[in-house]
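Asker: Requesting a structural model of the entry that follows:
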Amino acid sequence: MSEVTPFDRVDAVVVGAGPAGLEAAAALASGGVDVLVLERFPDPGDNSVCGEMIPSPRSAREVYGPDPPLDDVYSEFRGEILLNETRYLDVRVGRKAYLIPFESWVIDRSAFLREMAERALEAGARLITRAPVLGVAMREGVEVSFSSRGSTHLLSAGWLLAADGIPSTVARGIGRPPLPRNPADFALAVNVRVEGSMYPEDSVLMDFRPGVAPGGYAWIIPRGGGSANVGLGVRASELDRVDVVEALAGYIRSSPFLKVAKIVGDVRGKLIPVSGLRRDLQIGKVLFVGDSAWTCHPVNGGGIVPAMVSGRLAAEAVVTGSDYSSLLEGRLGRMLRTALAYRRLADRFLFRRGLATLFSLLLTRGLVERAILSKGGLLSRLVELAAAPGPTGRGST
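Answerer: As a prediction, this is how the structure comes out:
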């Protein structure tokens, strides 16, 4: 075992250099906070597993409402980072197809994370890569042990922002659930890049047809010039009967849009929470952000924008002394609860053997659009009543 050596004390340590962690680090440093980011991979963006699609600013306001700090977040998607702009969601459910007007941006996530890291460093943050966290202890502040360059270091911090995804090493270290307890509340998503896609580049395909991706959906997201991200997500509760990588290979082989497409790079996968916000967003001086806070959209799994919003709000809480749980719940909570209700409705009917075909025939365009946009109102309340209590409800924390 390597010797444990003391490290600098910092005001705040951020674990994970993804969208949430880097957004938080830049905002903290800009607010005069001495912040250190620990990233286990060699470079931010090295392990990007993502369809790389985000809603356009207009669509984001439809989904998230006017309250989240979206103007600041969207100012960062510029230049060569923006690869393609799409106009429609092509949603396939059973034998039906719905072309939903919905503007989206497709970004180069790896390049974006590298630029975010540079911005955080320019603001005064420090970043250590190849530095996996080994343990966390809560005392007067927070103590973090991590590995770097063959040695184990001990770091003291006033605050810890956990942006390490799921399963969260930080959560496990302080005795909290590292991921939702119910396996229906998180999914394994796999993605690969292809060249030679023939899918229309003004649309994004979301394929919910039975048998494609149990408890989830498959996607084709055009990056421009025939390049596309192709992937699927399968709920963890279905993984004992589905080989996700083989399911993706079969989807690529069978798709008429990918007949001449060539796979470039490796298939990559990650776990995605689809449970709505975790209840324990803050434990003492530990704040959960991004996927670690379970901010992903429960219907489509989208996580970049809500992750950045959570990172910015966590930094605001540290700098101003505001209550982080209240800030995040106020900005994202209602939308995520509405989306979760629609997801539970799909769990109860769309993803049930024997009911999927009938439900898809009864499904309306309006309901599909409301689920995509997470629209509230009377219909969403009826959806909540129809969907709960369900067999795939939100995992407890």
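Asker: name the element Phe41 belongs to?
Answerer: Under the assignment given by DSSP states H and E, Phe41 is not contained in any helix or strand.
Asker: Touching, it and Arg130? I think so.
Answerer: Yes: assessed by Cβ atoms under 8 Å, Phe41 is found in contact with Arg130 at 7.3 Å. All C-beta spots, glycine's among them, are computed from the backbone N, C-alpha and C.
Asker: For the chain, name the helix or strand with the lowest mean pLDDT.
Answerer: The least trusted helix or strand in the chain, going by mean pLDDT, DSSP states H and E, turns out to be helix 378-387, with a mean of 50.
Asker: Give me the residue ranges of this structure where confidence is low.
Answerer: Filtered on pLDDT under 70, the chain yields the residue ranges 1-7, 46-48, 67-70, 351-361, 375-397.
Asker: just the helices in it please.
Answerer: Assigned by DSSP state H, the helices in the chain fall at 19-30, 57-64, 70-74, 109-123, 169-173, 244-254, 304-320, 324-328, 334-345, 356-362, 365-373, 378-387.
Asker: just so I know, which of these lies nearest Leu160?
Answerer: Ranking those by proximity to Leu160 (Cβ to Cβ) places helix 169-173 first, at 6.6 Å.
Asker: Not counting sequence-adjacent ones, nearest residue to Pro178?
Answerer: Spatially, and ignoring its direct neighbours in sequence, Pro178 is nearest to Pro167 (3.6 Å; Cβ to Cβ, 6 or more residues apart in numbering).
Asker: separation between that neighbour and Gly276?
Answerer: Distance of Pro167 to Gly276, given as Cβ to Cβ, to the nearest Å: 18 Å.
Asker: got it, and Gly333?
Answerer: Taken as Cβ to Cβ, the span from Gly333 to Gly276 is 8 Å.
Asker: cool, Trp159 as well?
Answerer: Relative to Gly276, and taking Cβ to Cβ, Trp159 is found at 25 Å.
Asker: go on, Leu28?
Answerer: In terms of Cβ to Cβ, Leu28 sits 26 Å off from Gly276.
Asker: again with Arg365
Answerer: 25 Å.
Asker: And those two? Which one has more around it.
Answerer: When neighbours are counted by other Cβ atoms under 10 Å, Gly276 comes out ahead of the other of Arg365 and Gly276, with 26 against 12.
Asker: my read: the more buried one touches Leu340, true?
Answerer: Yes: with contact defined as Cβ under 8 Å, Gly276 counts as touching Leu340 (4.3 Å).
Asker: residue contacts, Glu62?
Answerer: Shown in contact with Glu62 (Cβ atoms under 8 Å, 6 or more residues apart in numbering): 55, 373.
Asker: centroid residue for this protein?
Answerer: Closest to where the C-alpha atoms of the chain average out (Cα atoms, centre = their mean) is Gly303, at 2.8 Å.
Asker: Please produce TSV containing the helices of the chain, extended by distance to Asn182.
Answerer: Shown next, in TSV, are the helices of the chain (distance: least, Cβ to Cβ, whole Å):
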stretch	distance to Asn182
helix 19-30	23
helix 57-64	24
helix 70-74	30
helix 109-123	28
helix 169-173	16
helix 244-254	19
helix 304-320	20
helix 324-328	21
helix 334-345	11
helix 356-362	21
helix 365-373	20
helix 378-387	14
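Asker: Let me know which of those helices is tucked in deepest.
Answerer: Mean neighbours per residue, mean count of other Cβ atoms under 10 Å, is largest over those for helix 19-30, with a mean of 29.
Asker: Measure how that helix sits relative to helix 109-123, angle-wise.
Answerer: Going by axes from the mean of the first three to the mean of the last three Cα atoms, to 10 degrees, helix 19-30 is angled at 20 degrees with respect to helix 109-123.
Asker: Since that was my last question, I'll sign off now.
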